[in-house]
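In: Give the three-dimensional model of this entry:
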Amino acid sequence: MKPGHTGFTRLFKATQYSVKGLRAAWMHESAFRQECTIALILTPLAFWLGRSTVEVVLLIGVCALVLVTELLNSAVEAVVDRAGEEHHDLAGRAKDMGSAAVAIALLLVIITWGMIAWQRLA
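Out: Below you'll find the model as predicted:
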């Protein structure tokens, strides 16, 4: 096991690293900023559209899933770009897979919001 901080100090440091990562994503990733903006718009709508607590959690949860996926995709891209500028098939594959993960998360938002909206409004 790697030596380091424990207890409350570890929790405090982990929180600092998380905030640093969120700031970096906000500053350097336009897709993350766009997805955050959409999530901020959709979150209040989830409380109106959802008929139950479960539906509200689903509507907000899929938006959060997009943000999580975008953060992971951005991390993969940063590591791949750090490794070198020359084209490599594995590097391209890693970036494409990260992009595909975001696309699937966005599709899940469309399906979830669409089905709940259809049920509520139709």
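In: Count the neighbours of L71 for me.
Out: 19 (other CB atoms under 10 Å). (Each C-beta comes from the backbone N, C-alpha and C, glycine too.)
In: could we number from 50 for the rest of this?
Out: Noted, 50 is the first residue going forward, which turns the last one into L120.
In: can you tell me how far A63 sits from A154?
Out: A63 sits at a distance of 24 Å from A154 (criterion: CB to CB, to the nearest Å).
In: Tell me which of those two has more neighbours.
Out: Neighbour tally, A63 and A154, criterion other CB under 10 Å: the higher count belongs to A154, 21 against 11.
In: For the more buried one, grab phi and psi.
Out: phi -60, psi -40 (degrees, to the nearest 10).
In: residue contacts, it?
Out: Contacts for A154 (CB atoms under 8 Å, 6 or more residues apart in numbering) come out as V111, L114, V115, V117, T118, E119.
In: likewise L108?
Out: L91, L94, A95, L98, G99, T161, W162, I165.
In: what residue ranges in the protein are flagged as low confidence?
Out: 50-52 (pLDDT under 70).
In: Where do the helices of it begin and end?
Out: With DSSP state H as the criterion, the chain has helices at 56-77, 79-98, 102-132, 138-170.
In: Mind listing what's buried along the longest one?
Out: Residues of helix 138-170 classed as buried by neighbour count (16 or more other CB atoms under 10 Å): A140, A143, G147, A150, V151, A154, L155, L157, V158, T161, W162, I165.
In: Show me which of the residues you listed is closest to V128.
Out: Here the nearest of these to V128, counting by CB to CB, is A143; it sits at 8.3 Å.
In: what residues are up against that closest one?
Out: Per CB under 8 Å, 6+ apart, neighbours of A143: V125, V129.
In: A63 versus that one, what's the distance?
Out: As for A143, its distance to A63 is 26 Å (criterion: CB to CB).
In: show me the residues around the closest residue to L71 other than its chain neighbours that make contact.
Out: Among residues not flanking L71 along the chain, L120 sits closest, at 7.9 Å (CB to CB, 6 or more residues apart in numbering). Residues in contact with L120 (CB under 8 Å, 6+ apart) are G70, L71, A74, F81.
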